[in-house]
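Enquirer: After the sequence you'll find the predicted model.
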Amino acid sequence: MPVYSQEELVRFVEEAKQYARYGKVADYIPALGKADPNELSIAVYTPDGKVASAGDVTVKVTLQSISKIITLALVLIDRGEDEVFRKVGMEPTGDPFNSIAKLEEVQPAKPLNPMINAGALAVTHMIRGRSVEERLERLLAFVRRLAGNERISYSDEVARSEFETAFLNRSLCYFLKQHRIIDEDVEELMDLYTKQCAIEMTCIDLARIGLVFALDGRDPHSGERLMPLDVARICKTFMVTCGMYNASGEFAIKIGIPAKSGVSGGILAAVPSRCGIGIFGPALDDKGNSLTGVKLLERLARTYSLSIF
Ligand SMILES: NC(=O)CC[C@H](N)C(=O)O
């Protein structure tokens, strides 16, 4: 097991930051547009409980699409594989995360995987609970257990900002409703989905959740099982095949670590048995992945031979 040295991480962060000028902060969710593209931070959490970090790891990042992997785990626990995969598929799309195109082409109409927005909306729909509040509380309780941090909540500002502007996601919902993938009120689902995406935490929390996946679903400190082995396995497989949207193939070749990104600039990565990694770098590439974050991960993967392939 390599020792992830703080000094080395600081150097890698400085190197990767040079690329910030080629990226762009997401602004289709207006509240995300306020982020500083030069921000870059990383935390690496190892099974011995140690955390190495660089950059300002007190900054909070909203999960955005990273939440998709966590809701998938919760819903697989809630409903089991058979029910979940009746409503959402297992195949990468090669399309942007918010694309509506394949929904019409694929028969029977169901989203191709849970990592694109259409699939994630179908998954969020399946979170058990009698009301949006109860479902959100169940999700938050799960997130807090994975991160070992009771204080985690969501940003009301970011949730509201997305809720007010998410017309494309609403279109996806109506399509799903027409095809009976979902049967709830679209505004309620959007309320829950935008709050889910606005759950915020630090890179250290992200890294700790990554480590739970890396340890096949076990709590790194207590050894307690937080999700069944199969659920952790399915989630990690989706991270490899679809976690970086339509850049997942290139990411697998260049970096080779199960990872999930969000348009906030966050990345959660799980190196099986070895570590969890949390990154925040809001300068995005044209696919919506953190440009500086991916550069940083690439450097780390090469230095420490982290590719699983
Ligand atoms: N790729 C992302 O991170 C997208 C998440 C965002 N909340 C959306 O639905 O558009």
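Expert: Nice, thanks for sending it over.

Enquirer: Which positions in the chain make contact with the ligand?
Expert: Gln64, Ser65, Phe97, Asn98, Asn117, Glu162, Asn169, Cys197, Gly262, Val263, Gly288 (Cβ under 6 Å from any ligand atom). The way it works is simple: take the backbone N, C-alpha and C, and place the C-beta from them, glycine included.

Enquirer: Of those, grab the buried ones for PyMOL.
Expert: A single PyMOL command selects the buried members of the residues of the chain next to the ligand (16 or more other Cβ atoms under 10 Å):
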select buried, resi 64+65+97+98+117+162+169+197+262+263+288
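
Enquirer: can you give me phi and psi for the residue of the stretch 101-250 of the chain at minimum distance from the ligand?
Expert: Across the stretch 101-250 of the chain, no residue is closer to the ligand than Cys197, which sits at 3.6 Å (Cβ to the nearest ligand atom). Main-chain dihedrals, Cys197, degrees, to the nearest 10: phi -70, psi -20.

Enquirer: Surely Tyr193 is in a helix?
Expert: Yes. Counting by DSSP: H, G, I helix; E, B strand; the rest coil, Tyr193 is part of a helix.

Enquirer: what residues are up against it?
Expert: Applying Cβ atoms under 8 Å, 6 or more residues apart in numbering to Tyr193 gives the contacts Ala120, Leu121, Thr124, Asn169.

Enquirer: hang on, the earlier thing: who are the neighbours in contact with the residue of the stretch 101-250 of the chain closest to the ligand?
Expert: Contacts of Cys197 by Cβ under 8 Å, 6+ apart are Thr62, Leu63, Gln64, Ser65, Ser67, Val158, Ala159, Glu162, Gly262.

Enquirer: From the residues you listed, which land in strands?
Expert: Thr62 (DSSP state E).

Enquirer: Mind putting the contacts of Cys197 into JSON lines with pLDDT?
Expert: Below are the contacts of Cys197 laid out as JSON lines (pLDDT from 0 to 100):
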{"residue": "Thr62", "pLDDT": "98"}
{"residue": "Leu63", "pLDDT": "98"}
{"residue": "Gln64", "pLDDT": "98"}
{"residue": "Ser65", "pLDDT": "97"}
{"residue": "Ser67", "pLDDT": "98"}
{"residue": "Val158", "pLDDT": "98"}
{"residue": "Ala159", "pLDDT": "98"}
{"residue": "Glu162", "pLDDT": "98"}
{"residue": "Gly262", "pLDDT": "97"}
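
Enquirer: Next one, pLDDT for the spatially most central residue of the chain please.
Expert: Compute the mean C-alpha point of the chain, and by Cα atoms, centre = their mean the closest residue is Ile66, 1.2 Å away. Looking at Ile66, its pLDDT reads 98.

Enquirer: so what's it closest to, chain neighbours aside?
Expert: In this structure, Ile66 finds its nearest non-sequential neighbour in Gly262, 4.3 Å apart by Cβ to Cβ, 6 or more residues apart in numbering.

Enquirer: how about the one you found, what does it touch?
Expert: By Cβ under 8 Å, 6+ apart, the contact list for Gly262 reads Val61, Thr62, Leu63, Gln64, Ser65, Ile66, Ser67, Cys197.

Enquirer: residues touching the fourth one, list them.
Expert: Right, the one you point to is Gln64. Gln64 neighbours (Cβ under 8 Å, 6+ apart): Leu32, Cys197, Gly262, Val263, Ser264, Gly266.

Enquirer: distance of the residue lying closest to it once chain neighbours are set aside from Leu103?
Expert: Excluding the flanking residues, the one nearest Gln64 by Cβ to Cβ, 6+ apart is Gly262, at 3.1 Å. Distance, Gly262 to Leu103, by Cβ to Cβ, to the nearest Å: 22 Å.

Enquirer: neighbours of Asp82, just the number please.
Expert: The number of residues packed near Asp82 is 7, by other Cβ atoms under 10 Å.

Enquirer: Please confirm that it is located within a helix.
Expert: Yes. Membership of Asp82 in a helix is supported by three-state DSSP.

Enquirer: Distance from the chain centre to the helix or strand where Arg11 lies, please.
Expert: With secondary structure defined by DSSP states H and E, Arg11 is part of helix 6-17. How far helix 6-17 lies from its chain's middle: 23 Å, per Cα atoms, centre = their mean, to the nearest Å.

Enquirer: After it, which helix or strand is next? Please name it.
Expert: strand 41-45.

Enquirer: Just the buried residues of that next one, please?
Expert: Neighbour-count burial for strand 41-45 [16+ other Cβ under 10 Å]: Ser41, Ile42, Ala43, Val44, Tyr45.

Enquirer: Near the residue nearest to Ala31 when sequence neighbours are not counted, how many other residues are there?
Expert: Setting aside the residues directly before and after it, Ala31 is nearest to Ser161 in space (Cβ to Cβ, 6+ apart), at 3.6 Å. When neighbours are counted by other Cβ under 10 Å, Ser161 registers 19.
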